[in-house]
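[1] The following block contains a protein sequence and its predicted model.
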Amino acid sequence: MKIGLTGTMSVGKTTLAKALGELDQFKDHSVQTERSKYLSNLGISLNTDSTLPGQFIFLAERATELLQPNIITDRTIWDVCSFTLSSKSIGEWEKRAFVEAAMHLRDYYDVVIYVSPNGVDMEDNGVRETDLNYRMKIDWTIQEALKEYKPKKLIQVEGTTDERIAIILQNI
């Protein structure tokens, strides 16, 4: 099963992916987490100043993950597309063409888990954007993309990691 977590910055996607990977139900799944620091060190722009080549690298990472038979990943194509759509340096035509191409991958996910920012404070990891308005813009963009490009199965979670896991297990 291919499980992707989607949500804005600093909502606990990585924590949740790792916690799911420790459960017996997912012992045969590999857990993939984003390599933001590694990519940033390569000079790839992150967040508000994302470039089209940088977004293609992020999309390639997501596509590569989808080649694995059983995976839990803390990022999805909805995340990549939301950052692309919110980029200042990418033109509108390029944004739309990118999203249309990327969304051809959506049915490779068996389950997409939207992780809500409700009740989660923003943390600064030294890499991610910490602007709360930008965080909410990305969240809104992800939610709109999930409506326009519906995944096969969508589970929405919020609360503590244990509460989120309980919701996921009830809905898988």
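    Great, that's in hand.

[2] Hmm, residue 105 is touching residue 64, no?
    No: using CB atoms under 8 Å, residue 105 is not in contact with residue 64; the gap is 10.9 Å. C-beta coordinates here come from the backbone N, C-alpha and C atoms, glycine included.

[3] So if I had to pick from the two, which one is more boxed in?
    More crowded of residue 105 and residue 64, by other CB atoms under 10 Å: residue 105, with 15 against 10.

[4] so who does that one touch?
    By CB atoms under 8 Å, 6 or more residues apart in numbering, residue 105 lies in contact with 62, 63, 66, 77.

[5] give me that answer again for 7 Å
    Residue 105 sits next to 63, 66, 77 when contact means CB atoms under 7 Å, 6 or more residues apart in numbering.

[6] Neighbour-wise, give me the winner out of the residues you listed.
    Of all the contacts of residue 105, residue 77 has the most neighbours under the rule other CB under 10 Å, reaching 29 neighbours.

[7] show me what contacts residue 79?
    Taking CB under 7 Å, 6+ apart as the criterion, residue 79 is in contact with 6, 142.

[8] That one: which element?
    Of the helices and strands defined by DSSP states H and E, residue 79 is found in helix 77-86.

[9] Tell me the first helix or strand C-terminal of that helix.
    The helix or strand immediately downstream of helix 77-86 is helix 92-102, counting by DSSP H and E.

[10] and after the lowest-mean-pLDDT helix or strand in the chain, which helix or strand comes next?
    Sorting the helices and strands of the chain by mean pLDDT, DSSP states H and E puts helix 36-41 at the bottom, at a mean of 61. Downstream of helix 36-41, the next assigned helix or strand under DSSP H and E is helix 52-65.

[11] Relative to the first helix or strand past that following helix going along the chain, what are the paired strands and their orientations?
    Going down the chain from helix 52-65, the next helix or strand is strand 71-73, by DSSP H and E. Sheet pairing here is set by DSSP bridges, and for strand 71-73 it gives strand 2-6 (parallel), strand 30-32 (parallel).

[12] what does the average pLDDT come to for the first one?
    For strand 2-6, the mean per-residue pLDDT is 98.

[13] Stretch 112-124 now?
    On average, stretch 112-124 scores 84.

[14] Then stretch 142-154?
    On average, the pLDDT along stretch 142-154 is 98.

[15] for stretch 165-172, same thing?
    Rounded mean pLDDT across stretch 165-172 is 96.
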